[in-house]
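Asks: Pasted the sequence and its predicted model underneath.
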Amino acid sequence: MMQQKRSFPFGTLILTIVALVSVPVMIIRYLYGLGAMSNLSDGRAWGLWISFDLYCGVALAAGGFTLAALVHIFNAEKYHAVVRPAILTAFLGYIVVILALLVDLGQPWYIWHIMINWNIHSPLFEVGWCVMLYTGVLALEMSPALFERLHWKVPLRVIGMIQIPLIIAGIVISTGHQNSLGSMLLLLPYTLDPLWYTPILPALFFVSAVAVGPAMVILESTLSGMAFGHRVSRDVLSGLGKIIPYVLGVYLIMKIADLAVAGQLDMIVNSYPQNVYWLVEVIVGVVLPIILFSIPKVRQNRAGLFGTALLVIGGLVFNRFNVSLFWQAIRPGYTYFPHWMEFAISAGVISWAIIVFMLAIRLLPIAEHHDEAAEKPSQAVSGVAQTS
Amino acid sequence: MSNAVLYDGTRCIGCRACSVACKSWNRNPDDPEEKVSVEGGIQGKAFLSDKTFTFMRFREVGEGDDFKWAFCKIQCMHCLHPACEGACPVGALKRDEETGAVVYDDGRCFGCRYCMVACPFGVPTFQWDEPLPWIRKCTFCSGRLDGGLKPACVTACPTGALQLGEREELIAEAHARINASNGKYVDHVYGEKEAGGTSWLYISPVPFEELGLPIVGEEAPTENPHIAMRTLPYYAGGVVVLMAGFYWLTKRKQKLSQAGDHQGEKEEVTK
C-alpha cells in the first residue's frame, strides 16, 4: 500500500537536528529574557518571528480553506485527493504560529486574557481569536483521519454530521484571519511605507492568500510525492495551476487600481529604493506566475508547476516581509538584523512541523485517498455522490 | 475637558529636572546599558526605555552667531485617539477620559508588543532583559492627577516650560504666545492635530523635525482599522450566506443531474 523508505533519510536527520537546536534557545529565552537571544529592541519590537512565522505562516496555511471550499462547497471532486494533505498543512502552519508565539509573546501563559478582556476594536483581538478558533476547527477537520485509523465509528459519524457547518466555519474564520492580518497594518498609517499602506490592505491580504493556497498545495503535493512515492495526478495539480492566474489577476488589478485611485502611481517609479522591492514583488511574484500558469505547456509539466508555484509563494513571502518588516519604519537610532537564535527558533518550529507532517502522512490515512474508509463516512452522512 | 501639558521650547533651559523627577517618582533605576547619544549634541539619555519614561533631547542649531541650543522633552504624547489603545487586543492600554492619561494595566497584558509597533511616536517600551516582561511607558502620573497633583515632571520644572492645564485653554495660550512673539516660534502647535490630537503640546523656536519629533498626519491612526473591524460582522455573515448558498446550489445541480441520469436509464429500459 505505502511505499515506505526504510532507511533514515539524510533530510530527516537535518530536520531533527534543527528542531532540537531550538529547544535550548527556548530555554535561554525563558531564563534571560527576549533581549538575550534576539536583536529585537524598543525600536523594532516585531521582527523575524512575526514576519515569517505569523504573517507568512498564516498565509501559507491558506491551502486549507481554499481546497476545503473548492471540494466541499463548490464540489470540485477532482481535488478530493489533496484536501486532507492541504488541511494537514494548514493545521501545521497554525501550530508553527502558536509555537513561535510561545517564544515571541512576553507572557504567553496569559494569552487566555484575550477571552475575557475584549477590545473588539483591535485587529489583533480578531487575529488572536482566529488563531484559537481555526486551530480548533482544523483539528476537528483533521480528526476523521485519526478516527479512521483507530476505527472509532461514533466520533467519525458525529464529525461527518457537522462536516459542512465545520467547513463553512473554517472558511469564515480563516479568511477573516487573513483579512485581519491586513487590518493590523491599518494602524500604521505613519510608519508603513505609502507604497504598501492602503485602506484595502485587508482585501489584498485575503486575495493574495486565496492565490497562494493552491500554490502551496502544488508545492506540498510535489514534495511529499517525492518523499513518499504516492504522487498526486498531474491533472489535479495543473487544474490548481489554472485557477491561480485568475486570482492573481484580480490581486494585480486591485494593487494597481488602488495606487491609481490614491494618485500614487508615480511612486512605482519615484520612491527609490522601495519601488525596487515593490516591482520585484509584483513582477516576480504576480505577473510572471500569471504568464507562466497561463501557458498549457508549463501546466502540463510537473517541474513547471512546481517552479511557478514557488514563484507565487516567494512573491507572497516577500510581500509579507515588505509590509511587516522591510518598509515599516524603525524608530530613529535603532537597527535590526535577526540574531542567529531568532533564525534558530523559526527554523526549529518549521522543522517540528515538517516532522509531524511526515509522521502523520505515514501513520494516518491522509495521502491514501483511495482508501475506502476515507470516502465512506462523508458519503454516508452528507450523501455526497462521487462524480466519476 | 481633559488635562494637557504645554511644553514651551523657548522657556526650557535643558536642566533635566523633569527626567530626575520622573525617575524618582516612578522608582525607575538607572539604565545600565543606556546608550549615550552624541549625535546632535550632548545629552544624557538618548532613548526611552523600560527604565526611562522621559528624557531631554539636546540639539545644536545654527552656526557662529546664530548658534543656539534647542531642547525637546520626549515622553508619551497621551493621544486623544491612541494607536496603542486601538492596537491592544486585551484593552491593557486605555485612555482615561477623566484625566486624559493613557494608562497601562499589566493585569491584562500578555506581552504581544503591538502597542509598540502601532505607536506613531515610538513611545511604549518593553522589558527585554526580564524573563517575565511587561510594557513600560509614561503614565502622565495618573495617580498624582487623581489626587489633584501635577505630574512629577511638571512639578519639577523650574522655568515654567512645562505647564499643566485644560487642553483647549493651553492650545489657545500656545497660539497666543506664537502670535505675540514676532516670529520667535515656529507657527505650529505640535500635538494640536497630530495623529488626531495629543494631550502633550509643543511650541518651539526651531522646526519640530530638527527636534526629532516625527512628522505625523492629522488623521487618527485608529480610523481605518475601526472601519475594518466594524465591517467584520457583515463580512462573516456574508461569507456564511455565500458559502451555504453555493453549497446548496452545487448539491441541487448534482441532484438534478442525478435525476436526469435516472430518467435516461428509465428511457433506455423502456426502449
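Replies: It's in.

Asks: what does the stretch 1-150 of chain A have sitting close to chain B?
Replies: Applying Cβ under 8 Å from any Cβ of the partner chain, one finds that the stretch 1-150 of chain A approaches chain B through A:29-36, A:40-43, A:45-46, A:69, A:72-75, A:105-111, A:113-114, A:117-128. The C-beta positions use only the backbone N, C-alpha and C, and glycine is treated the same way.

Asks: And the residue of chain B closest to chain A?
Replies: Chain A sits closest to residue B:111 of chain B, with a gap of 1.7 Å, by Cβ to the nearest Cβ.

Asks: Can you report how many residues lie near that residue?
Replies: Counted with other Cβ atoms under 10 Å in any protein chain shown, the neighbours of residue B:111 add up to 21.

Asks: That one and residue B:90: what is the separation?
Replies: Relative to residue B:90, residue B:111 is positioned 11 Å away (Cβ to Cβ, to the nearest Å).

Asks: Now intersect the residues of the stretch 1-150 of chain A next to chain B with the helices, please.
Replies: A:29-32, A:34-36, A:113-114, A:123-128 (DSSP state H).

Asks: out of these, which are buried?
Replies: Among those, those classed as buried by 16 or more other Cβ atoms under 10 Å in any protein chain shown are A:29, A:34-35, A:113-114, A:123-128.

Asks: hmm, back to that, with respect to residue B:227, which of the ones in helices among the residues of the stretch 1-150 of chain A next to chain B is nearest?
Replies: Distance ranking of these against residue B:227, using Cβ to Cβ, places residue A:123 first at 11.2 Å.

Asks: which residues sit in contact with that closest one?
Replies: A:180-181, A:183-184, A:186-187, B:87, B:225, B:228-229 (Cβ atoms under 8 Å, 6 or more residues apart in numbering or on different chains).

Asks: so the nearest residue to it once chain neighbours are set aside is in which element?
Replies: Spatial nearest neighbour of residue A:123, chain neighbours left out: residue A:183 (3.8 Å); criterion: Cβ to Cβ, 6 or more residues apart in numbering or on different chains. If you go by DSSP states H and E, residue A:183 is part of helix A:163-186.

Asks: Arrange the buried ones among the ones in helices among the residues of the stretch 1-150 of chain A next to chain B in a markdown table, one row each, with distance to residue A:354 and pLDDT as further columns.
Replies: Below are these laid out as a markdown table (distance: Cβ to Cβ, whole Å; pLDDT from 0 to 100):
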| residue | distance to residue A:354 | pLDDT |
| --- | --- | --- |
| A:29 | 22 | 93 |
| A:34 | 26 | 95 |
| A:35 | 30 | 94 |
| A:113 | 32 | 93 |
| A:114 | 29 | 93 |
| A:123 | 30 | 94 |
| A:124 | 28 | 95 |
| A:125 | 31 | 95 |
| A:126 | 29 | 93 |
| A:127 | 24 | 93 |
| A:128 | 26 | 93 |
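
Asks: Take those residues and lay them out in TSV including distance to residue A:90.
Replies: Shown next, in TSV, are these (distance: Cβ to Cβ, whole Å):
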residue	distance to residue A:90
A:29	27
A:34	28
A:35	33
A:113	26
A:114	21
A:123	21
A:124	21
A:125	22
A:126	18
A:127	16
A:128	18
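
Asks: Identify the farthest-apart pair in those.
Replies: Taking Cβ to Cβ, no two of those sit farther apart than A:35 and A:126, at 29.4 Å.

Asks: How far off centre is whichever helix or strand residue A:254 is part of?
Replies: In this assignment (DSSP H and E), residue A:254 forms part of helix A:234-261. Mean-position distance between helix A:234-261 and its chain equals 17 Å (Cα atoms, centre = their mean, to the nearest Å).
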